[in-house]
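Colleague: Sharing a sequence plus its predicted fold:
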Amino acid sequence: MKKLLTTVALSLSTLVAASAAVADPYDYHHDDRHHDRVVMTEHTVWKEGARFPDHYHDQRYYVDDYRHYNQLHKPNRFERWYKVDGRYVLVNERTHNVIRVVR
């Protein structure tokens, strides 16, 4: 009886090993689509009088050293220079409207 059980157990383990060998190999996530994503950046066409988007009201976009740039003048009260998309945008801080755009 012991030989029979050993033979059955060995046969089942061989069957399981054979089915695992036939399965598809692990492909290291090569079929994941997150690698194929194309990052689209939004380039806004800045126009004078247009509303300045709220998500740009952040310190990383501020231009506080306007004196280092020949084209930028000192902003008036309630105005601030921002650098967005490689352009300098003067914005009214109260109305959030674009006053001037400098490339």
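Modeller: Arrived safely, thanks for sending.
Colleague: Correct me if wrong, but Thr7 is in a strand.
Modeller: No: Thr7 is assigned helix when assessed by DSSP: H, G, I helix; E, B strand; the rest coil, not a strand.
Colleague: ranges for the helices of the chain?
Modeller: Secondary structure of the chain (DSSP state H): helices at 2-22.
Colleague: so who does Asp54 touch?
Modeller: His96 (C-beta atoms under 8 Å, 6 or more residues apart in numbering). Bear in mind the C-beta positions are built from the backbone N, C-alpha and C, glycine included.
Colleague: I'd like to know how far it sits from Pro75.
Modeller: Asp54 sits 19 Å away from Pro75, going by C-beta to C-beta, to the nearest Å.
Colleague: How about Tyr82?
Modeller: 10 Å.
Colleague: shared neighbours of those two, anything?
Modeller: By C-beta under 8 Å, 6+ apart, the residues touching both Tyr82 and Pro75 are Leu90.
Colleague: Can you give the domain ranges for this protein?
Modeller: Domain assignment for the chain by automatic domain parsing gives 2-33, 46-102.
Colleague: Mean pLDDT added to those domains, as CSV?
Modeller: As requested, these are arranged in CSV below (pLDDT from 0 to 100):
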stretch, mean pLDDT
domain 2-33, 69
domain 46-102, 95
